[in-house]
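> Below are the sequence and a predicted model for it; my questions follow.
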Amino acid sequence: MPESPIRKLVPYAEAAIEAGNEVIHLNIGQPDIETPEVALNAIKNFDKKVIEYSHSAGFESYRKGLAKYYRGKGIDVDHNDIIVTNGGSEAILFAMMTCFNPEDEVIVPEPFYANYNAFALEAGVILRPITTYLKDSYALPPIEDFRELINDRTRGILICNPGNPTGYLYNQEELETLRKIVLAHDLFLFADEVYREFCYDGAEHYSILSLEGLENHANHCRFRIKAL
Ligand SMILES: Cc1ncc(COP(=O)(O)O)c(C=O)c1O
C-alpha cells in the first residue's frame, strides 16, 4: 500500500516543531467550521450502557434524514438507496470493490485527490488519468479525450465535484457530457461530492444524482460522517 502523500509530510512538520520552528499546516484540510452543537450534544448525552451494532446500512432515522436533505435539493432519493459509511474513503473503496473487478480501468480527471491511488490499489483497479489544465480552470476535457482512453477494460469514470485539489465545479453541460459517455459505453459514473456545500459566489452545485437515466450507472459519495 502506498502511504498517504499528505501524511508523508507529518514527520517533517513534527521534526520542525521539535526544532523550535513555527509550522503552518497546509497539507490537511482540517475545517475551521464549528461542529454543530446538536452533534456535540448527541455525544455528550449518550446514555446507553452498551454500544451496540447498528443496522449495517446505518440508522434508518439518519438515512431518512439524508434522503430529506437531498429532496430539499430537488433530488429524489429513497433512504433505502443510501448506505452510511465511515467517511468518504470507505464509501469510495466499497463502491470500487462492488462495481469493479481486478484489472478493470477507471478514468479519473487529474490532478485528483491523491488517496484515490490507494483505494484503487486496494480494489485492484487501474486508474487512467485524463489531464486537466490550469489554463482551462481544470474544466472537463473534451469528449474525444475520454474516447481515446476507453477500451474493453474500461468500467468507470470517477469525478470529484467540486474538485479537490482544483476547486473546479462541473457545470450542467459537463455532467451531460459525462452522462452521454457512460451510457454510450455502459460505464459506472462515480462522483465524490464531499465538498458539495462548498460552492462560492452564488455558484450552484449539480449532482450526478439529478441526471436522468443513470439509475444503474451513478454512484455517489457525499457524506463525511465524522463531519456531521
Ligand atoms: C476529495 C476527497 N474525497 C474523500 C476524502 C476522504 O474523506 P474521509 O476523511 O471522510 O474518509 C477526502 C478527505 O480529505 C477528500 O478530500
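That came through fine.
> Now do the buried residues in stretch 141-157.
Using 16 or more other CB atoms under 10 Å as the test for burial, stretch 141-157 gives 141, 146, 150, 154-157. Backbone N, C-alpha and C define where each C-beta goes, glycine included.
> Pick out the residue nearest the middle of the protein.
Closest to where the C-alpha atoms of the chain average out (CA atoms, centre = their mean) is D192, at 2.2 Å.
> what sits opposite that one in the beta ladder?
Counting by DSSP bridges, D192 is bridged to C160, C221.
> how close does it get to P102?
Relative to P102, D192 is positioned 21 Å away (CB to CB, to the nearest Å).
> pLDDT wise, what is the nearest residue to F112 once chain neighbours are set aside at?
Ranked by CB to CB, 6 or more residues apart in numbering and with sequence neighbours excluded, the top spatial neighbour of F112 is C160, at 6.2 Å. Per-residue confidence (pLDDT) for C160: 96.
> cool, and D186?
At D186, the pLDDT recorded in the model is 93.
> Grab the nearest non-local neighbour of G156.
That would be F188: by CB to CB, 6+ apart, it lies 3.9 Å from G156.
> list the contacts for that neighbour?
99-100, 155-157, 182, 217-219 (CB atoms under 8 Å, 6 or more residues apart in numbering).
> what do you get for L175?
206, 208, 211.
> wait, which of these is closest to the ligand?
Comparing these against the ligand with CB to the nearest ligand atom places I208 closest, at 14.8 Å.
> Show me what from the protein comes close to the ligand.
By CB under 6 Å from any ligand atom, the residues of the chain that approach the ligand are 29, 87-89, 113, 160, 164, 192, 194, 224.
> Looking at those, point me to the pair that's furthest apart.
G87 and C160 (14.8 Å; CB to CB).
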